[in-house]
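J.: need the 3D shape of this:
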Amino acid sequence: MQKALLTLVCCVLLSGSLFAQRLVSDAKIVYRIETPPQTDASFEGGTLTQYMKGHLSRVDLDFKMVHYSYLINSKEESVVTLIDNHGDKYLIRAGKEEYAKELKEYLQVQFKDAGETKQIAGYTCKKAIGKMADGQTFEVYYTPDLMPENKQYNRRFVNLKGLPLQFEIINKNGSRMHVIATKVDIYAVPGSFFDIPKTGYKEISREELLKMGS
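T.: Coordinates of the predicted model:
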């Protein structure tokens with residue numbers, strides 16, 4: 001009798017640990033962006049909004065003067081970047097070759113738990129240190145309660161064992177932006193959010209964009 005009871009308890013505990021993590025297909029996460037002191041004032045008060053729906057995902061970066069959108073299709077292995085700079089709108093496409101190159105780079109990022117936790121947007125999050133191929137490290141707090149069904153929704157976190165609700169972005173000059181979730185919505189995101197605009201944007205290459213910024 002005691003053996004049967006012990007077996008039942010073990011099964012309940014095991015099933016509890018297995019089903020504690022929720023697999024998420026559709027979601028919207030809103031983050032606030034904290035920029036370093038030396039950052040241009042036009043980038044202050046920015047937000048990052050992450051959408052996901054099956055194999056589709058979208059990231060919107062909103063600053064005072066500039067808006068970026070990244071439309072990612074992991075099934076077709078493509079990324080479309082939309083830029084709205086003071087009303088000048090540009091569209092840039094990246095195909096399978098570039099997608100695979102960037103994915104390979106992010107697959108090398110390894111995360112190691114750091115033993116700290118904190119509450120973010122209503123979820124208990126674990127601290128982890130991400131180590132990139134070049135040796136640079138960055139902090140991330142993630143909730144193991146939510147696991148994206150599509151791990152390539154944001155390739156930066158393809159190896160993370162949960163949903164990141166706070167993380168660092170390292171700028172080219174070495175400064176760091178902190179991205180912190182303020183709201184997590186799990187709902188059926190409309191497919192239209194991932195549509196590529198057919199008008200209103202001038203299609204250019206990444207090389208052309210770099211020349212414009214030089």
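
J.: can you show me the strands along the chain?
T.: Residue ranges of the strands in the chain, as given by DSSP state E, are 22-24, 26-34, 47-53, 56-62, 66-73, 78-85, 88-94, 110-120, 123-131, 137-143, 146-148, 163-170, 176-185, 202-203.

J.: and these: which comes nearest residue 211?
T.: Closest of the strands of the chain to residue 211 is strand 88-94, at 12.2 Å (criterion: CB to CB). In short, each C-beta sits where N, CA and C put it, glycine included.

J.: partners of the closest one, with directions?
T.: Here strand 88-94 is paired, per DSSP bridges, with strand 78-85 (antiparallel), strand 202-203 (parallel).

J.: what about the residue nearest to the spatial centre of the chain, distance to residue 27?
T.: Geometric centre of the chain, nearest residue: residue 154, 4.2 Å, by CA atoms, centre = their mean. Using CB to CB, to the nearest Å, we find residue 154 at a distance of 11 Å from residue 27.

J.: so for those two, which residues contact both of them?
T.: By the contact definition CB atoms under 8 Å, 6 or more residues apart in numbering, residue 154 and residue 27 are jointly contacted by residue 50.

J.: about what we covered before: so for residue 191, which of the strands of the chain sits nearest?
T.: Shortest separation from residue 191 across these is recorded for strand 47-53, at 6.6 Å, computed as CB to CB.

J.: just checking, the residue nearest to the centre of the chain touches residue 70?
T.: No - counting by CB atoms under 8 Å, residue 154 stays clear of residue 70, with 9.1 Å between them.

J.: residues that sit against both of those two, list them.
T.: residue 59.

J.: near residue 138, how many other residues are there?
T.: 17 (other CB atoms under 10 Å).

J.: typo on my end, residue 179
T.: 21.

J.: roughly how far does the residue nearest to the centre of the chain sit from residue 103?
T.: As judged by CB to CB, residue 154 and residue 103 stand 11 Å apart.

J.: follow-up on the earlier one: can you list the strands paired with strand 88-94 in JSON lines and add mean pLDDT?
T.: Converted to JSON lines, the strands paired with strand 88-94 look like this (pLDDT from 0 to 100):
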{"stretch": "strand 78-85", "mean pLDDT": "96"}
{"stretch": "strand 202-203", "mean pLDDT": "96"}
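
J.: just name the most buried of those.
T.: strand 78-85 (a mean of 17; mean count of other CB atoms under 10 Å).

J.: identify the residues contacting that one?
T.: So strand 78-85 is contacted by 65-73, 89-96, 98-99, 196-197, 201, 209 (CB under 8 Å, 6+ apart).

J.: now list the buried members of these.
T.: 69, 70, 71, 72, 73, 90, 91, 92, 94, 99, 201 (16 or more other CB atoms under 10 Å).

J.: need these in CSV with distance to residue 49 and pLDDT, can you?
T.: Listed next are the buried ones among the contacts of strand 78-85 as CSV, based on distance: CB to CB, whole Å; pLDDT from 0 to 100:
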residue, distance to residue 49, pLDDT
69, 9, 98
70, 11, 97
71, 13, 98
72, 14, 97
73, 18, 97
90, 20, 98
91, 19, 98
92, 20, 97
94, 20, 95
99, 22, 94
201, 19, 97
